[in-house]
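# I'll drop the sequence and a predicted model, then ask my questions.
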Amino acid sequence: MVGKIGAITVGQAPRVDVMPDLEPILDGIEVIQRGALDGMTKEALKNIEPAEKDYILVTRLSDGSSVQIAEKYILPRIQERINDLVNYEKVKGILMLCTGEFPSFDCPVPLLYPQVLLQYFTMAVLGNRTLGVLTPAYGQIRQAGQRWHRNGAAKVLVNAASPYESFDLVVDKAVALKNSGAQLLVMDCIGYTKAMKETIRTKTGIPVILGRTVAAHAAAELFG
């Protein structure tokens, strides 16, 4: 192994749905997974569901189901996972397995935020084209549009389809974005897969950027 890094999901580990796309990119890197919701029952999860005006995150549980949670409730749990990975696992860096926005955490090793990586990569290639954004939940459409406008995209279209529910619906929503005028698509959730991206690119004929692989390439550059 060249290096050892941590990977933190805002759901429950292990993320068996994510790692098959990341492992070829992270060749030679040992990945230690932790989840912010590890150990929580479905009853306990009801206490952290988002209310109006909460920042919404959509994530996957270990049984394969998905949940919506309010970000504010899991920030201390993420910090605990960071501390564990740094102090006990002795990782060289940490990759967040979520494209949501987060505040700064206390972390003495490089901490990679897919949203930041996705933002800068997308804006580097977008130019004056219309950006189409796929997000998992309808409740996230407004916050996603506002975020990408803040990132610098002048023209943004947003559509919602959960990667944890229907492959075909994700593709259909992406095609609808293209038909509405999107000229470049961003799959703004770590749950969207490489297979979804390839199908969308074939059906739309426009560039498609996948959050999970952008993040993995950055981790491979640093730790591979």
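Arrived safely.
# for this structure, what spans make up the strands?
3-9, 29-35, 56-60, 66-70, 93-97, 111-112, 131-135, 156-160, 184-187, 208-210 (DSSP state E).
# what's the offset of the third one from the middle of its chain?
The gap between the average C-alpha position of strand 56-60 and the chain average comes to 9 Å, counting by CA atoms, centre = their mean, to the nearest Å.
# tilt between that strand and strand 66-70?
150 degrees (axes from the mean of the first three to the mean of the last three CA atoms, to 10 degrees).
# and the angle for strand 56-60 with strand 131-135?
60 degrees.
# and what of the second one?
With the same axes, to 10 degrees as the criterion, the two stretches strand 29-35 and strand 131-135 enclose an angle of 60 degrees.
# pLDDT below threshold where in the chain?
1-2 (pLDDT under 70).
# Could you identify the longest helix within it?
helix 71-87 (DSSP state H).
# Contacts made by it with the rest, please.
6, 8, 10, 32, 34-37, 47-48, 54-57, 91, 94, 100, 102-103, 105-109, 111 (CB atoms under 8 Å, 6 or more residues apart in numbering). Any C-beta I mention is one placed from the backbone N, CA and C, and that applies to glycine too.
# Mark which of these are buried, thanks.
6, 8, 10, 32, 34-37, 48, 54, 56-57, 91, 94, 100, 102, 105, 107, 111 (16 or more other CB atoms under 10 Å).
# Just give me the neighbour total for the nearest residue to L210 once chain neighbours are set aside.
What sits nearest to L210 in space, not counting adjacent residues and going by CB to CB, 6 or more residues apart in numbering, is K197, at 4.5 Å. Neighbours of K197 under the rule other CB atoms under 10 Å: 22.
# surely K197 meets V186?
No. Taking CB atoms under 8 Å as the definition, K197 is not a contact partner of V186, at 10.5 Å.
# which residues do those two both contact?
With CB under 8 Å, 6+ apart, K197 and V186 have common neighbours V208.
# before we move on, back to that, could I get the strands of the chain in TSV, plus columns for distance to I141?
Formatted as TSV, these follow (distance: least, CB to CB, whole Å):
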stretch	distance to I141
strand 3-9	23
strand 29-35	26
strand 56-60	10
strand 66-70	13
strand 93-97	22
strand 111-112	26
strand 131-135	6
strand 156-160	5
strand 184-187	14
strand 208-210	18
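# Can you check which of these gets nearest to A124?
strand 208-210 (10.5 Å; CB to CB).
# Assess the claim that A182 and L131 are in contact.
Yes. Using CB under 8 Å, A182 is in contact with L131, at 6.7 Å.
# Need the residues touching each of the two.
L157.
# which ones are touching the closest residue to S162 other than its chain neighbours?
Spatial nearest neighbour of S162, excluding adjacent residues (CB to CB, 6+ apart): P136 at 4.6 Å. Residues in contact with P136 (CB under 8 Å, 6+ apart) are 58, 66, 160-164, 189, 191.
# among those residues, who's most crowded?
Neighbour max across the contacts of P136 (other CB under 10 Å) = C189, 29 neighbours.
# neighbouring contacts of stretch 200-213?
With CB under 8 Å, 6+ apart, stretch 200-213 has contacts from 18, 21-22, 25, 97, 99, 114-115, 118, 121-122, 125, 170-171, 174-175, 178, 182-190, 192-194, 196-197.
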